[in-house]
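S.K.: coordinates for the following, if possible.
(chains A and B)
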Protein chains: 2
Amino acid sequence: MKVTIIGLGLMGGSLALSLKELKGCEQIIGVDTKLANTVVALELGLVKEVNSLEESLVGTDIFIVATPVKASIAIINYLLDHINDEQVVVDLGSTKLKLCQTFKNHPKRKRYVAAHPIAGTENSGPQAAISNLYEDKKVVICEKNLSDDNALSLAVKILVGVGMETVFMSAEEHDKHLAYISHLSHVSSFALGLTVLDLEKDEKNIFNLAGSGFSSTARLAKSSPEMWKSIFAQNKEHILPALDAYINHLSAFRDDIANNDENKLSEKMNNANNIRKIIQ
Amino acid sequence: MKVTIIGLGLMGGSLALSLKELKGCEQIIGVDTKLANTVVALELGLVKEVNSLEESLVGTDIFIVATPVKASIAIINYLLDHINDEQVVVDLGSTKLKLCQTFKNHPKRKRYVAAHPIAGTENSGPQAAISNLYEDKKVVICEKNLSDDNALSLAVKILVGVGMETVFMSAEEHDKHLAYISHLSHVSSFALGLTVLDLEKDEKNIFNLAGSGFSSTARLAKSSPEMWKSIFAQNKEHILPALDAYINHLSAFRDDIANNDENKLSEKMNNANNIRKIIQ
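M.R.: Reported below is the predicted structural model:
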């Protein structure tokens, strides 16, 4: 099998590393519009061969699109316009509705599989690639009935093969859930980083005191602006209400502190403690 | 040396575990107003002996007050009223200004050392105690000049002895910095937990999708309401402006998403990326 990975950053680079171990993946080809990324990917041994998108059309069994979601649309469109009826295109982007809507009526829609691995780190670029990124993670596959069975099978073979468990849902459900469970966390962290960096301008020693709680809540502020600006653009419909709900909870919490209302604060914190049921 | 630890939760229990390894700490006595905590602490072997606060007055060289900060005031006051001129009282609370103000004119102020280990987890109670909690952490000591040299030395011996590095500052500075670097993170996490739990009421499957980013930003929502309500009460003067600044950043971020302003979003995220300089 020949796998072509488009986008050699954290997601694509890590997939390349994992696929080396998967039986049947004889050839893994890398494509990246950034020359620097292809150089680093070759140096690090993520892939042995790089190609242009055009060249990769010949002989590839499955294309994995692992670019920022804004770039994905044009790439998937190009691929669907040029592939034959056996080739498969999978994308790994963090938003799914926009893509599913865009390709809904494409004549090759059935060769496309819309996937999203719930895996990542705050780091980006080929140098961030790690071989176990996908181990024991979930992968959401959207609108599975719009893909050919054999296209879905091949995508699942790859995604499960690197250690993930499939979860099937509509693109609409996916984007709503992800707004709360991931995109909101990123906005929260970016804003926390900005707030604390503001203070640092005047107070140079503040970071001596940063403990593990701060690192944990602010680490996503390191995330790639390029990747996240397109996620925010493509999922604003769900991110805005999530963010409004979050700001409302924060404001209510703020008012309880201002009013010394320990009962209300205790009630809120006891409710929040229920998150224990979800995260270990 | 006889050390009496008042409060056998995460902080006190972990200190008891660490002190077992420290030369010169022959006797470690536990005190807790919650009978259940003393039972668990004895069962887990955190301490070999428990006592009442009154009984502990005899023969103790250093008292470590590791209770929620609201309870600490009465306990420290009782101790300072009853100790002799050789005994030392240290507290480990997360707010320092209120305590330093309260005891500023106490006749035994010089026997008191105001400390705050920048260490903790989201778990609480004696069962949460771990032996390496204080290893390679910072401990802030406030108003060191108001403590006797030999009281400060004994406190430092214990705190550095369990693996911490001292940082000296005023109680005012401490409380301001901690508002940004710790207390704000906790409010952020509590509110994130509440926001996502609201959604879960309708959408049972959402947590299938919770990745490491969500866990990381929301884990502090598990923190003890009892401990945190008193921190919020004692440091509201600094927490409120920090929280207002945070809500302002979030609202601005929200507006940029709503307005599709990718330039402003990129600028904000690039600025937030500077957090890399601070957290590894």
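S.K.: how does chain A divide into domains?
M.R.: Domains of chain A are assigned by automatic domain parsing as A:2-169, A:174-277.
S.K.: show me the shaky parts of chain A.
M.R.: A:202-207 (pLDDT under 70).
S.K.: could you rerun that using 90?
M.R.: Within chain A, the stretches with pLDDT under 90 are A:21, A:69-70, A:120-123, A:199-213, A:227, A:276-280.
S.K.: strands of that one, residue ranges please.
M.R.: Per DSSP state E, chain A carries strands over the ranges A:2-6, A:27-31, A:49-50, A:62-65, A:88-91, A:112-117, A:138-142, A:165-169.
S.K.: next, format the ones you listed as JSON lines and append mean neighbour count and distance to B:Asp91.
M.R.: Placement of C-beta: from N, CA and C, glycine included. Putting the strands of chain A into JSON lines (neighbours: other C-beta atoms under 10 Å in any protein chain shown; distance: least, C-beta to C-beta, whole Å) gives the following:
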{"stretch": "strand A:2-6", "mean neighbour count": "24", "distance to B:Asp91": "56"}
{"stretch": "strand A:27-31", "mean neighbour count": "22", "distance to B:Asp91": "57"}
{"stretch": "strand A:49-50", "mean neighbour count": "16", "distance to B:Asp91": "61"}
{"stretch": "strand A:62-65", "mean neighbour count": "26", "distance to B:Asp91": "56"}
{"stretch": "strand A:88-91", "mean neighbour count": "26", "distance to B:Asp91": "55"}
{"stretch": "strand A:112-117", "mean neighbour count": "26", "distance to B:Asp91": "47"}
{"stretch": "strand A:138-142", "mean neighbour count": "21", "distance to B:Asp91": "45"}
{"stretch": "strand A:165-169", "mean neighbour count": "16", "distance to B:Asp91": "48"}
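S.K.: can the ones you listed go into TSV with extra columns for distance to chain B?
M.R.: As requested, those are exported to TSV (distance: least, C-beta to the nearest C-beta, whole Å):
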stretch	distance to chain B
strand A:2-6	21
strand A:27-31	25
strand A:49-50	27
strand A:62-65	19
strand A:88-91	17
strand A:112-117	9
strand A:138-142	6
strand A:165-169	6
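S.K.: phi first, then psi, for A:Lys108.
M.R.: phi -100, psi 20 (degrees, to the nearest 10).
S.K.: residues in contact with it?
M.R.: Listed by C-beta atoms under 8 Å, 6 or more residues apart in numbering or on different chains, the contact set of A:Lys108 reads A:80-81, A:83, A:85.
S.K.: and for the longest helix seen in chain A, what's in contact with it?
M.R.: Secondary structure of chain A per DSSP state H: the longest helix is helix A:236-258. By C-beta under 8 Å, 6+ apart, the residues outside helix A:236-258 that reach it are A:175-176, A:178-180, A:183-184, A:187-188, A:232, A:261, A:264-265, A:268, B:187-188, B:190-192, B:194-195, B:198-199, B:232-233, B:236, B:239-240, B:243-244, B:246-247, B:250-251, B:253-254, B:257-258, B:260.
S.K.: can I have the buried ones of those as a PyMOL selection?
M.R.: Those of those that meet the burial criterion (16 or more other C-beta atoms under 10 Å in any protein chain shown) are gathered into one PyMOL selection, given here:
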select buried, (chain A and resi 175+176+178+179+180+183+184+187+188+232+264+265+268) or (chain B and resi 187+188+190+191+192+194+195+198+199+232+233+236+239+240+243+246+247+250+253+254+257)
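S.K.: before we move on, back to that, between the longest helix of chain A and helix B:236-258, how many degrees?
M.R.: 170 degrees (axes from the mean of the first three to the mean of the last three C-alpha atoms, to 10 degrees).
S.K.: which one among the contacts of A:Lys108 gets closest to A:Cys25?
M.R.: Comparing the contacts of A:Lys108 against A:Cys25 with C-beta to C-beta places A:Ile83 closest, at 18.8 Å.
S.K.: can you redo the domains of chain A as TSV with distance to B:Glu135?
M.R.: Putting these into TSV (distance: least, C-beta to C-beta, whole Å) gives the following:
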stretch	distance to B:Glu135
domain A:2-169	25
domain A:174-277	12
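S.K.: report the central residue of chain A.
M.R.: A:Ser94 (4.1 Å; C-alpha atoms, centre = their mean).
S.K.: leaving out sequence neighbours, find the closest residue to it.
M.R.: Nearest residue to A:Ser94, sequence neighbours excluded (C-beta to C-beta, 6 or more residues apart in numbering or on different chains): A:Ile231, at 5.0 Å.
S.K.: and what of A:Ser266?
M.R.: That would be B:Pro225: by C-beta to C-beta, 6+ apart, it lies 4.9 Å from A:Ser266.
S.K.: residues contacting that neighbour?
M.R.: A:265-266, A:269-270, A:273 are the contacts of B:Pro225 under C-beta under 8 Å, 6+ apart.
S.K.: of the residues you listed, closest to chain B?
M.R.: A:Met269 (3.6 Å; C-beta to the nearest C-beta).
S.K.: tell me how far the closest residue to that closest one other than its chain neighbours lies from B:Lys98.
M.R.: Excluding the flanking residues, the one nearest A:Met269 by C-beta to C-beta, 6+ apart is B:Pro225, at 3.6 Å. According to C-beta to C-beta, to the nearest Å, B:Pro225 stands 19 Å off from B:Lys98.
S.K.: neighbours around A:Ile275, how many?
M.R.: Neighbourhood size, A:Ile275 [other C-beta atoms under 10 Å in any protein chain shown]: 26.
S.K.: so what's the closest residue to it other than its chain neighbours up against?
M.R.: Distances taken as C-beta to C-beta, 6+ apart place B:Gly193 nearest to A:Ile275, at 4.1 Å, with adjacent residues excluded. Contacts of B:Gly193 were listed using C-beta under 8 Å, 6+ apart, and they are A:271-275, B:218, B:221.
S.K.: buried subset of the residues you listed, written for PyMOL?
M.R.: Here is the PyMOL command that picks out the buried ones among the contacts of B:Gly193, judged by 16+ other C-beta under 10 Å:
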select buried, (chain A and resi 271+272+273+275) or (chain B and resi 218+221)
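S.K.: which two of the contacts of B:Gly193 have the greatest separation?
M.R.: The widest separation within the contacts of B:Gly193 (C-beta to C-beta) is 13.0 Å, between A:Asn271 and B:Ala218.
S.K.: quick one, phi psi at the nearest residue to A:Gly211 once chain neighbours are set aside?
M.R.: Take A:Gly211 and drop its neighbours on the chain: the residue closest to it by C-beta to C-beta, 6+ apart is B:Ile118, 4.4 Å away. In terms of degrees, to the nearest 10, the main-chain angles of B:Ile118 are phi -80, psi 70.
S.K.: give me every residue that touches B:Ile118.
M.R.: So B:Ile118 contacts A:209-211, B:137-140, B:182 (C-beta under 8 Å, 6+ apart).
S.K.: check which residues of stretch A:22-41 are buried.
M.R.: Buried-residue list, stretch A:22-41, by 16+ other C-beta under 10 Å: A:22, A:25, A:28-32, A:37-38, A:40-41.
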